[in-house]
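Participant: the sequence isn't on hand, but the structure is:
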């Protein structure tokens, strides 16, 4: 098959891209053509289709009013992106398009061109953008669902987007525009949810459950299991450093656990604030590493006693949890959203109420004092990854979805639909 993958970043910007590029590599290994449509960026590996990428756009660095206005229009509906993807479709003639993370650089305009060209579309729900203009159902570092029922104007008042002053207006306009155009309902043939929780949440917001298929991410298992860490080994948080991740809760919990070492791996807008907090709390056994290469991070996971994820947000799928299990490491996580599907209390890790620093500290203490239990939990997690989250199973399930959408009968029914041409 020829699969067109649409994603705004052509480099490893976040976990979204980690999954995407691993998936493309897997599809190519099985003999399929995996073609990327993206935004040009020198941080990405060159591809034969780079000439069809849209120009690089940095919304945060736009200064003149005219440039800001043009960027806002681009985010709402990009004629450039639609023209570029049209040229790429003419060249490669894809059987199906797999779309992830296209706002605001590619914009939903490309969905209308894919429909106009009779290319079946599967949309991967790697966030909550279709329900929440700021994409993550979070305001002030906590879960927020005030936009339920299409009340997207709440993004103007909820303080949920920490960007330029005019950005919330663009986010609200984008949400209302594509709701009015019915872009996602008209142009998408099938949705993939990475967890049962994501599907449940979309159904709660009025999306038909028949069009959403649950397909969790996959995780490769290291060939060798790391040795059991000693009593001086660290516990580990790895991920984005932003308010909804709850890392400040973790630091406050560590203030009650002077005998434990914590390593915080990752970067984000809250990093400097978290480092100041660690200094104020006199946490001499907390280390911030910044962003790490894949090999460095894997070494840190393997050397840890267990990992901890205190997020206040729902999260669509705990890829970091699967990575921890793959290295035989138990997980302590907040009891919220999709994490309940991955962390089996008392078997593969421990759950605690989100935001409850005392319960978090108690969970860390309990697991740190029982290294044999932590080891057993980690090994059960590794076995669970091998049984339910293997690359082979993921490939077979995804191929079935692709083939179902690209059937001649489906293509014929698509051509009979009304197409919005702009």
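Facilitator: Looks like it came in fine. Keep in mind that this is a model prediction, so the values were computed, not measured.
Participant: which residues sit against the helix or strand harbouring residue 398?
Facilitator: If you go by DSSP states H and E, residue 398 is part of helix 391-405. Outside helix 391-405, the residues that touch it by C-beta atoms under 8 Å, 6 or more residues apart in numbering are 1, 3, 23, 26-27, 30, 95-96, 98, 120-122, 189-190, 192, 213, 215-220, 410. Placement of C-beta: from N, CA and C, glycine included.
Participant: stretch 291-305 now?
Facilitator: 222, 226, 229, 233-236, 238, 263, 265-267, 289, 307, 323-324, 327, 329, 367-368, 371, 374.
Participant: distance-wise, check residue 191 relative to residue 140.
Facilitator: 29 Å (C-beta to C-beta, to the nearest Å).
Participant: and these two? Which one has more around it.
Facilitator: A count of neighbours by other C-beta atoms under 10 Å puts residue 191 above the other of residue 191 and residue 140, at 23 against 11.
Participant: so what's that one closest to, chain neighbours aside?
Facilitator: residue 212 (4.5 Å; C-beta to C-beta, 6 or more residues apart in numbering).
Participant: restricted to buried residues, select the contacts of helix 391-405 in PyMOL.
Facilitator: Buried members of these, defined by 16 or more other C-beta atoms under 10 Å, are picked up in PyMOL with:
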select buried, resi 3+23+26+27+95+96+98+120+121+122+189+190+192+213+215+216+217+218+219
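Participant: let me see the ranges of the strands in this protein.
Facilitator: Remark: strands assigned in the chain by DSSP state E are 2-6, 33-37, 96-99, 121-124, 138-139, 142-143, 190-193, 212-214, 235-238, 262-265, 286-290, 307-309, 331-334, 349-352.
Participant: so what does the third one touch, helix or strand wise?
Facilitator: The one in question is strand 96-99. With contacts taken as 3 or more C-beta pairs under 8 Å, 6 or more residues apart in numbering; DSSP states H and E, strand 96-99 sits against strand 2-6, helix 109-116, strand 121-124, helix 391-405.
Participant: adding distance to residue 283, write the ones you listed out as JSON lines.
Facilitator: Below are the helices and strands packed on strand 96-99 laid out as JSON lines (distance: least, C-beta to C-beta, whole Å):
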{"stretch": "strand 2-6", "distance to residue 283": "42"}
{"stretch": "helix 109-116", "distance to residue 283": "46"}
{"stretch": "strand 121-124", "distance to residue 283": "38"}
{"stretch": "helix 391-405", "distance to residue 283": "38"}
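Participant: closest one to residue 354 among those?
Facilitator: With C-beta to C-beta as the criterion, residue 354 lies closest to strand 121-124 of the helices and strands packed on strand 96-99, at 25.4 Å.
Participant: please state the offset of that closest one from the chain centre?
Facilitator: 15 Å (C-alpha atoms, centre = their mean, to the nearest Å).
Participant: not counting its own residues, what contacts it?
Facilitator: With C-beta under 8 Å, 6+ apart, strand 121-124 has contacts from 96-100, 111, 114-115, 184, 187-192, 194, 401-402, 405.
Participant: try it again at 6 Å.
Facilitator: 97-100, 114, 188-192, 405 (C-beta atoms under 6 Å, 6 or more residues apart in numbering).
Participant: then stretch 213-220?
Facilitator: Contacts for stretch 213-220 (C-beta under 6 Å, 6+ apart): 19, 192-194, 196, 199, 317, 319, 322, 326, 385, 389, 391, 394, 397.
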